[in-house]
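> Below is the sequence, then the predicted model.
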Amino acid sequence: MDVLISGASIAGLTTAHWLARHGHHVTVVERSDGLRSGGVSIDVREEAVEVARAMGIWEDVRRLRVPHDDVYRFVDESGATQAELRPAADVYDNTEDVEISRDVLADLLRAAVPDDVDFRFDTWITAITTAPDGGRAVTLDDGSVLVVDLVVGADGMHSAVRELVFGPERQFVHHLGLYVSIAKRCRSVGVATGSEVLNTPGRMVMLRSDGTSTSALLGFRSEWLEHDFRDVAAQREIVRRAFAGMEGWVAPEAVAEVVGAEDFYFDSVSQIRMPSWTGERTALVGDAGYCASFFSGMGTTLAMVGARALAEALEEAPGVPAALRAYDQRMRPIVERAQAIADQGAALLFPTTREAIEERNAALRAAAPA
Ligand SMILES: Cc1cc2nc3c(=O)[nH]c(=O)nc-3n(C[C@H](O)[C@H](O)[C@H](O)COP(=O)(O)OP(=O)(O)OC[C@H]3O[C@@H](n4cnc5c(N)ncnc54)[C@H](O)[C@@H]3O)c2cc1C
């Protein structure tokens, strides 16, 4: 079968691996001019561990993981620690729940994609129609047309395939009231110890160390903001404004680092909720179909599990329509469970008032072992 995958990140690379491994002829188009870098660490857990194992990358994932012994220190404007949160001891011991740099995982997945997969960077889909043989005729941005048996949208929360096949994004977005922005390497703020967090009402500046370098993660509460998700200059301005006047600790430096970062990342903390992730010879995999949100810790796991589930359904079901139905059915309970836990942590990391910040800190101090 000829398959076109849009997006070469976690979902797209894993799907490319499994489909090529099952003998399909795979082309991947990616809008960026290479694998898109950026972001902090992501979690590989639950069924994704088995997927990584079956791909032959699990030992490398474990070897290259970020240490799990994360302590959250909540500081005040002077930098003094007000409270600490230490994850339960069994989290440290759980070797089947791994945190790894997003870039490192993407590189491992890329290396696991068979050589005969055709990658086309700096390329994207502009139209999808029905071909005379019932397949999909896909127009690329250079005007060329590929006729394929299946299109896979693995192009993230703002999926172009979803927009072209299922309609405007807004109807599927469930905004959780938060935005995040990241700079992977901050040089001006020193090396943090674990994760250090400063809150003002509805805003958070977090520094996270992986032992050698420090990332800055900014978050703020906000209603849905209408903006062009490809206009990076406008996004930098949104972040700059959201953190205007945030003083104390190293917050101004961290904000300046994020706003000016080369690998600047900004997005809403939202879920994608759809009644089905498949259409006529089309399937959505990963955030494109069922983004669980930035703070769920499940986005990468869903993407990897979904990629393999789609490939297996195509292998086992009699024909593409039956396979797409089987994929939908297999993923539904997994996605619903992941999306149900998505906004855990928001109250802890984004208290909305000064009193709520004090209460959070007092509760953590009271719960800390003597
Ligand atoms: C730069 C970046 C940083 C991130 N940082 C974090 C993080 O720190 N923590 C976290 O939990 N999650 C982060 N995420 C999200 C995380 O990667 C996903 O939630 C999860 O791994 C599922 O991945 P995905 O492949 O479905 O989507 P994504 O990782 O979002 O990948 C989508 C891919 O599709 C490409 N693409 C987009 N539009 C098109 C188009 N029209 N045509 C072709 N290609 C297109 C993108 O460039 C990207 O490579 C980040 C995502 C990105 C892109």
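Alright, I've got the coordinates.
> only C-alpha atoms for contact and neighbour calcs from this point on.
Noted.
> For residue 88, give me the pLDDT.
What the model reports as pLDDT for residue 88 is 63.
> Same check on residue 41?
Looking at residue 41, its pLDDT reads 84.
> In this structure it contacts residue 105, no?
No. If you go by C-alpha atoms under 8 Å, residue 41 and residue 105 don't touch, sitting 9.2 Å apart.
> which of these two has more neighbours?
The neighbour comparison of residue 41 against residue 105 (other C-alpha atoms under 10 Å) goes to residue 105, with 24 against 21.
> Tell me which helix or strand that one sits in.
Take DSSP states H and E as the rule and residue 105 turns out to sit in helix 102-111.
> Can you give me the buried ones in that helix?
Across helix 102-111, burial judged by 16 or more other C-alpha atoms under 10 Å covers 102, 103, 104, 105, 106, 108, 109, 110.
> what sits against residue 201?
By C-alpha atoms under 8 Å, 6 or more residues apart in numbering, the contact list for residue 201 reads 350, 351, 352, 353, 354, 357.
> Likewise for residue 216?
Applying C-alpha under 8 Å, 6+ apart, the residues near residue 216 are 182-186, 205-208, 254-255, 257-258.
> can you point me to the longest strand in this structure?
If you go by DSSP state E, the chain has its longest strand at strand 173-183.
> Just checking it against the ligand, any contact.
No. Contact of strand 173-183 with the ligand (C-alpha under 6 Å from any ligand atom) is absent, the minimum separation being 7.1 Å.
> Show me which residues of that strand are buried.
In strand 173-183, counting by 16+ other C-alpha under 10 Å, buried: 173, 174, 175, 176, 177, 178, 179, 180, 181, 182, 183.
> And the contacts of it?
Residues contacting strand 173-183 (C-alpha under 8 Å, 6+ apart): 38-40, 215-224, 239, 257-258, 261-273, 343.
> Make JSON lines from the buried residues of strand 173-183 and add pLDDT to it.
Shown next, in JSON lines, are the buried residues of strand 173-183 (pLDDT from 0 to 100):
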{"residue": "173", "pLDDT": "96"}
{"residue": "174", "pLDDT": "95"}
{"residue": "175", "pLDDT": "94"}
{"residue": "176", "pLDDT": "92"}
{"residue": "177", "pLDDT": "93"}
{"residue": "178", "pLDDT": "94"}
{"residue": "179", "pLDDT": "96"}
{"residue": "180", "pLDDT": "95"}
{"residue": "181", "pLDDT": "96"}
{"residue": "182", "pLDDT": "94"}
{"residue": "183", "pLDDT": "92"}
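> List just the nearest of those residues to residue 281.
residue 173 (23.0 Å; C-alpha to C-alpha).
> Quick check: beta-bridge partners of the closest one?
Using DSSP bridges, the bridge partners assigned to residue 173 are residue 272.
> Distance check, it against residue 83.
The gap separating residue 173 from residue 83 is 34 Å, by C-alpha to C-alpha, to the nearest Å.
> repeat for residue 223
In this view, residue 223 and residue 83 are 29 Å apart by C-alpha to C-alpha.
> Have a look at the two and say which one is more surrounded.
Neighbour totals were compared for residue 223 and residue 83, and residue 83 leads with 20 against 12 (other C-alpha under 10 Å).
> dump the residue contacts of the more buried one.
Residues in contact with residue 83 (C-alpha under 8 Å, 6+ apart) are 73, 74, 75, 361, 362, 364, 365.
> So which of those residues are in strands?
Among those, the members found in strands (DSSP E) are 73, 74, 75.
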